[in-house]
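Student: Predicted model and sequence below, questions to follow.
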There are 2 protein chains.
Amino acid sequence: MGHLTHFGADQERGGQMPRISAVERRALLCEAALLVLSRDGLGALTTRAVVAEAGMSLASFHYAYDSREQLLGDVIAAVIAKEREAGLAGLLAEAGSAEQALRAAVRGYLALLRADPGREQGMLELTQAALRTEALSPLAAAQYRHYHDVAADLLAQVATRHDVVWRAPLADLAALVVALTDGMTLAWLAERDDAALDRLADLAVAALVGQLEPALATEAAR
Amino acid sequence: MGHLTHFGADQERGGQMPRISAVERRALLCEAALLVLSRDGLGALTTRAVVAEAGMSLASFHYAYDSREQLLGDVIAAVIAKEREAGLAGLLAEAGSAEQALRAAVRGYLALLRADPGREQGMLELTQAALRTEALSPLAAAQYRHYHDVAADLLAQVATRHDVVWRAPLADLAALVVALTDGMTLAWLAERDDAALDRLADLAVAALVGQLEPALATEAAR
DNA sequence: TACCGAGTGGGACACCTGACCCACTTCGGA
DNA sequence: TCCGAAGTGGGTCAGGTGTCCCACTCGGTA
């Protein structure tokens, strides 16, 4: 019989999922996938690994998702949706100057990176793979657009809060922030040189400060 | 009999490799691997795809390499060894100022990126995967150290050629150059926004110029 | 000339992967 | 009370993967 022993209304219903809706299951699978991706990398992100992490059966996976590719898309979308920079807002409020605010923001991100390097590395791997997949590459683009929006918000907040203006268009500077962030991430992931990362962060902040000028200057110029 | 039909001393010895030494075969496989990696990505970089690209049999692969991992290591080492920035030296000589030289160097790299995006993307994928592999992660670190050295050389040349000095340590600025380069690469690969890349490049150059000062200034300070 | 080792070919193996299927259980509503 | 749909479990399939092996051919040397 084999599969007939489903132990129907058993008392011992060990760890099997007690009837979860498909949408909720998608969320659980997404979370499990992100965990596997962070811990073991994209190469180990198989349907079986995800299902094992979530404690489900393989069939439950294909009940929630049509394909692995669809799951990957949802993972990217989930990362876009989840706001991980919420903590940065608090840091900004405490800063005494624009430069201090920028430094706090950069250090805040780097703390996140150091706390969970696999997470950032996994997202990098996933993004690169998505760019190779026709259906997923728009999502990768959207992900970077989101990063830009977050960076632009940050820069705008710094400007208004500390009475300064940016010399270059906000969107361009936001792109610079994203590029600097990614660049620092890649370098540290490869070399794991903490001291070098700190010095690099200072240079990055200096680069941004160089694009800053007092608000009065523009008003006087009018 | 099947495999007995090796068509020994046939006239028609179509495309099969006519007795290549193991070391030379390694080079050919490396080259083929880099091509597959650029064109189809890391996920498609299988032993079979590599030997197909090189026009070899699968057995030849494991005669030259003990494992796929060993090949990946050789690919990284080959990229480190191959100097792709040779053309940049010419660009530097024509520049009339330090800023123009830096701009020419950045634009030179970006032209390389735009000409063969798969190449840069493939290297990113490979590096990330190497960082997940115990035996390969030192090579990934060496790769980035090499990037830093190249960048430091560039910055040093600019300084001596245009009679300027860098405000920050050369090694730190080299790290900034590498980070900016990687960041620009990632952003453009994801969004493919050429105009935004040009604006970003200008900001990157400005960030470097901000760390520059005339050589006379330091001499006067003495 | 005989031979021995380097190089080559095709096939095979064991394993993993994504996808799927069918029998089954549960639950909410008619 | 019944019933259909949602959800679940295990097994299975076809294809791909890295690795290995054996039979074979060639080039140089004793």
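Tutor: Happy to help now that I have it. Residues are numbered from 1 along each chain as shown, chains lettered A, B, ... in the order given.
Student: Skipping adjacent residues, who's closest to the spatially most central residue of chain A in space?
Tutor: For chain A, the residue nearest the mean C-alpha position is A:Val79 (5.4 Å; CA atoms, centre = their mean). Nearest residue to A:Val79, sequence neighbours excluded (CB to CB, 6 or more residues apart in numbering or on different chains): A:Met123, at 6.4 Å. C-beta: built from backbone N, CA, C; applies to glycine.
Student: Check A:Val165 too.
Tutor: With CB to CB, 6+ apart, the residue lying closest to A:Val165 is A:Ala215, at 5.2 Å.
Student: Might one say that that neighbour is in contact with A:Val164?
Tutor: Yes - here A:Ala215 reaches A:Val164: they are 5.7 Å apart, a contact under CB atoms under 8 Å.
Student: ok, back up a step: quick one: what helix or strand has the residue nearest to A:Val79 in it?
Tutor: Assigned by DSSP states H and E, A:Met123 belongs to helix A:117-132.
Student: Output the contacting helices and strands for the following helix or strand past that helix.
Tutor: Remark: after helix A:117-132, the chain's next helix or strand is helix A:137-161, criterion DSSP H and E. Contacts defined by 3 or more CB pairs under 8 Å, 6 or more residues apart in numbering or on different chains; DSSP states H and E place helix A:137-161 against helix A:68-81, helix A:86-94, helix A:98-115, helix A:117-132, strand A:164-166, helix A:170-191, helix B:170-191.
Student: Show me what the shortest one is packed up against.
Tutor: The elements that strand A:164-166 packs onto, with contact taken as 3+ CB pairs under 8 Å, 6+ apart, are helix A:137-161, strand A:212-214, helix A:215-221.
Student: Mind listing residues that contact that strand?
Tutor: Outside strand A:164-166, the residues that touch it by CB atoms under 8 Å, 6 or more residues apart in numbering or on different chains are A:98, A:155, A:158-159, A:173, A:211-215, A:217-218.
Student: quick one: which of the residues you listed is most hemmed in?
Tutor: Within the contacts of strand A:164-166, most neighbours by other CB atoms under 10 Å in any protein chain shown means A:Leu173, with 26 neighbours.
Student: and the gap between that one and B:Asp193?
Tutor: Counting by CB to CB, to the nearest Å, the gap from A:Leu173 to B:Asp193 is 15 Å.
Student: count of residues packed around the residue nearest to A:Val79?
Tutor: Neighbour count of A:Met123, defined by other CB under 10 Å: 19.
Student: isn't it right next to A:Ile80, touching?
Tutor: No - proximity of A:Met123 to A:Ile80 does not meet the contact threshold set by CB under 8 Å, at 10.6 Å.
Student: could I have stretch A:104-120 exported to PDB, CA atoms only?
Tutor: Below are the C-alpha coordinates for stretch A:104-120, written out as PDB (Å, rounded to 0.1, in the frame of the first residue of the first chain):
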ATOM      1  CA  ALA A 104      25.000  57.600   9.700                       C
ATOM      2  CA  ALA A 105      22.900  56.300   6.800                       C
ATOM      3  CA  VAL A 106      25.900  54.700   5.100                       C
ATOM      4  CA  ARG A 107      27.100  53.100   8.400                       C
ATOM      5  CA  GLY A 108      23.600  51.900   9.000                       C
ATOM      6  CA  TYR A 109      23.600  50.000   5.700                       C
ATOM      7  CA  LEU A 110      27.000  48.600   6.300                       C
ATOM      8  CA  ALA A 111      25.900  47.300   9.700                       C
ATOM      9  CA  LEU A 112      23.100  45.500   7.900                       C
ATOM     10  CA  LEU A 113      25.600  44.100   5.400                       C
ATOM     11  CA  ARG A 114      28.000  42.900   8.100                       C
ATOM     12  CA  ALA A 115      25.100  41.400  10.100                       C
ATOM     13  CA  ASP A 116      23.900  39.200   7.200                       C
ATOM     14  CA  PRO A 117      26.400  39.100   4.400                       C
ATOM     15  CA  GLY A 118      24.700  36.100   2.800                       C
ATOM     16  CA  ARG A 119      21.500  38.000   2.400                       C
ATOM     17  CA  GLU A 120      23.200  40.700   0.300                       C
END
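Student: Who are the contact partners of A:Arg48?
Tutor: By CB under 8 Å, 6+ apart, the contact set of A:Arg48 is A:Leu58.
Student: before we move on, back to that, most tightly packed of the helices and strands packed on strand A:164-166?
Tutor: Ranked by mean neighbour count under mean count of other CB atoms under 10 Å in any protein chain shown, the helices and strands packed on strand A:164-166 are led by helix A:137-161, which reaches a mean of 18.
Student: Break chain A down into its domains, please.
Tutor: According to automatic domain parsing, chain A comprises the domains A:22-79, A:84-221.
Student: can I get the ones you listed in TSV with distance to DNA strand C and mean pLDDT?
Tutor: As requested, the domains of chain A are arranged in TSV below (distance: least, CB to the nearest atom of the strand, whole Å; pLDDT from 0 to 100):
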stretch	distance to DNA strand C	mean pLDDT
domain A:22-79	3	96
domain A:84-221	11	93
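Student: Quick check: which of the ones you listed is nearest to B:Ala135?
Tutor: domain A:22-79 (14.5 Å; CB to CB).
Student: Can you get me the start-to-end distance on that closest one?
Tutor: Taking CA to CA, to the nearest Å, domain A:22-79 runs 20 Å from one end to the other.
Student: can you tell if that domain touches DNA strand D?
Tutor: Yes - between domain A:22-79 and DNA strand D, judged by CB under 7 Å from any atom of the strand, the touching residues are A:22, A:25, A:56-60, A:63.
Student: now, the most widely separated pair of those?
Tutor: Largest pairwise distance in these, by CB to CB, is 15.3 Å, between A:Ala22 and A:Leu58.
Student: correct me, but A:Leu200 touches B:Asp172?
Tutor: Yes - the pair A:Leu200 / B:Asp172 is scored as a contact, 6.7 Å apart, by CB under 8 Å.
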